[in-house]
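Asker: Model the structure of this input:
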Amino acid sequence: MNPHLLEERVATVSGGPGLADTARARLVAHKATADACRHRTTERRAELERALAGDSTGHALDLMLELDALERVQDRIDHRLAELCDALSEPRSPRYGDAQPI
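Answerer: From the prediction side, this is the model:
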């Protein structure tokens, strides 16, 4: 997912007092994981370019395999973060013993 669109999605989650600490912690952890994966992917791409240009003695095939895995995982991480944002952004109706909204 486009990182800018993902940032906008995270911004839709209200950080007000209604957001439980556990939910806030989950959001922060998901966002940090997505950012770390994106950063690592960028680093590996640069390493791969250097290896393929002959400027490095790195292992191009290993870098390609890691880059492939990171790109696939990034999609999953972004999807999970987007789902969490949607879940935390849903309007909440108070529920009582019969599980029916008021």
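Asker: Identify the residue spatially nearest to the spatially most central residue of the chain, adjacent ones excluded.
Answerer: Compute the mean C-alpha point of the chain, and by CA atoms, centre = their mean the closest residue is residue 34, 3.0 Å away. What sits nearest to residue 34 in space, not counting adjacent residues and going by CB to CB, 6 or more residues apart in numbering, is residue 77, at 4.8 Å. Where C-beta positions appear, they are placed from N, C-alpha and C, glycine not excepted.
Asker: Wait, the one you found touches residue 37, no?
Answerer: Yes - checked against CB atoms under 8 Å, the pair residue 77 and residue 37 is within contact range at 5.6 Å.
Asker: Any buried residues in the lowest-mean-pLDDT helix or strand in the chain, and which?
Answerer: Taking mean pLDDT, DSSP states H and E as the measure, helix 3-11 is the helix or strand of the chain with the lowest mean score, a mean of 81. Residues of helix 3-11 classed as buried under the neighbour-count rule (16 or more other CB atoms under 10 Å) are 6, 9, 10.
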